[in-house]
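*Asks:* dropping the sequence and predicted coords here.
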Amino acid sequence: QDLDFISRPFCEKKTTLMIHPAFLFQSTLNPFHSRLSFDRRTLNTQHLCERQPSLTRMSSSNAKFQNPNFVTKNVNDYVLRVGFRETPIAEELRLATANHPRGGMMGDPTEAAMFKVLLPAIGAKNVIEVGVFTGYSTLVMAEALGQEGKILALDYNEEFVSIGRPYWEKAGVADRIDVRIAPAGDTLQKLLDEGQEGAFDFAFIDADKTNYKTYYEIILKLLRKNGIIAIDNVLWYGKVLDQNIQDEDTVALREISEYVFRDERVEHVMLPFADGVTLVRKK
């Protein structure tokens with residue numbers, strides 16, 4: 001079962017899987033030990049593909065894409081199999097992040113895939129991302145933007161961001177990503193002070209929940225007309241539905257959803273997938 005994360009291309013086109021050592025579970029690979037080399041490890045996967053495994057099952061991970069909240073596991077596995085495409089490098093970063101102790105902080109790949117469809121459709125070139133973590137969504141959006149696109153990626157933790165940097169370089173998109181390690185509210189306000197009102201096409205908010213409203217208000221000013229804000233985690237594992245849950249993150253997420261609902265400056269839709277994402281269009 002620990003080999004159930006094999007990706008579509010190997011099952012559809014090949015019978016041999018090249019596995020990076022970082023993704024191997026040594027305790028379960030003894031039967032294949034004689035086939036391992038120092039730099040790469042190869043095993044025949046035909047029998048694994050024939051039994052149609054879940055493509056992303058790793059028992060040590062708490063990544064959202066492996067633990068669906070609002071659809072069944074079978075539906076989630078089906079979506080992971082045929083519901084989107086990602087580049088091999090994006091997949092590498094996703095799987096590496098899934099094994100990180102804080103892997104649950106990573107955005108859902110279907111959400112990133114939605115941005116990959118949406119950004120070219122609205123002609124986006126300038127993007128703000130509040131909350132980078134290891135930069136999986138950052139990478140996917142940078143790929144979608146093309147060579148002329150730029151992402152202003154805001155985070156407070158260089159240690160997390162540094163995990164994604166080699167993958168950005170490998171994908172050839174590092175020059176499209178401008179990382180600012182600082183409190184995001186301060187960076188956003190500085191952009192306003194510099195006269196960049198209306199300069200951005202798209203923003204993704206996925207950071208500290210108690211500051212969502214602050215980020216939303218400043219970004220709305222930085223956004224052009226018909227620009228879009230994506231607000232992540234608006235369903236928060238279903239906690240927002242239970243009024244007995246009153247921790248500050250849950251309360252903040254309820255408040256931002258109610259605030260957007262009443263905001264006549266925008267049109268919005270809340271989508272009940274991943275951990276809930278609201279798309280907001282500035283009128």
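*Replies:* That came in fine, so what should we check first?

*Asks:* what ranges does the stretch 51-200 of the chain have for its helices?
*Replies:* Secondary structure of the stretch 51-200 of the chain (DSSP state H, counting those that start in this stretch): helices at 73-82, 88-98, 109-121, 136-145, 158-171, 184-193.

*Asks:* need those helices in JSON lines (columns: mean neighbour count, distance to Ile231 and mean pLDDT).
*Replies:* Bear in mind the C-beta positions are built from the backbone N, C-alpha and C, glycine included. JSON lines is the format used below for these (neighbours: other C-beta atoms under 10 Å; distance: least, C-beta to C-beta, whole Å; pLDDT from 0 to 100):
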{"stretch": "helix 73-82", "mean neighbour count": "16", "distance to Ile231": "21", "mean pLDDT": "92"}
{"stretch": "helix 88-98", "mean neighbour count": "21", "distance to Ile231": "21", "mean pLDDT": "94"}
{"stretch": "helix 109-121", "mean neighbour count": "19", "distance to Ile231": "11", "mean pLDDT": "97"}
{"stretch": "helix 136-145", "mean neighbour count": "26", "distance to Ile231": "13", "mean pLDDT": "98"}
{"stretch": "helix 158-171", "mean neighbour count": "17", "distance to Ile231": "21", "mean pLDDT": "97"}
{"stretch": "helix 184-193", "mean neighbour count": "16", "distance to Ile231": "14", "mean pLDDT": "98"}
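
*Asks:* of all those, which one comes closest to Val240?
*Replies:* Closest of the helices of the stretch 51-200 of the chain to Val240 is helix 109-121, at 17.5 Å (criterion: C-beta to C-beta).

*Asks:* report all helices and strands that the closest one contacts.
*Replies:* Helix 109-121 sits against helix 136-145, strand 200-205, strand 223-232, with contacts defined as 3 or more C-beta pairs under 8 Å, 6 or more residues apart in numbering; DSSP states H and E.

*Asks:* I'd like the distance from the second one to the chain centre, please.
*Replies:* Mean C-alpha position of strand 200-205 versus that of the full chain (C-alpha atoms, centre = their mean, to the nearest Å) differs by 14 Å.

*Asks:* that one pairs with which strands, and in what direction?
*Replies:* Each strand paired with strand 200-205, and its direction, by DSSP bridges: strand 126-130 (parallel), strand 223-232 (parallel).

*Asks:* deepest of these, which one?
*Replies:* Most buried of the strands paired with strand 200-205, by mean neighbour count (mean count of other C-beta atoms under 10 Å): strand 126-130, with a mean of 25.

*Asks:* got the contact list for that one?
*Replies:* Contacts with strand 126-130, where a contact means C-beta atoms under 8 Å, 6 or more residues apart in numbering, come from 119, 137-138, 141, 145, 149-154, 184, 188, 199-207, 215, 219, 222.

*Asks:* what angle separates that strand from helix 136-145?
*Replies:* On the basis of axes from the mean of the first three to the mean of the last three C-alpha atoms, to 10 degrees, strand 126-130 is oriented at 170 degrees to helix 136-145.
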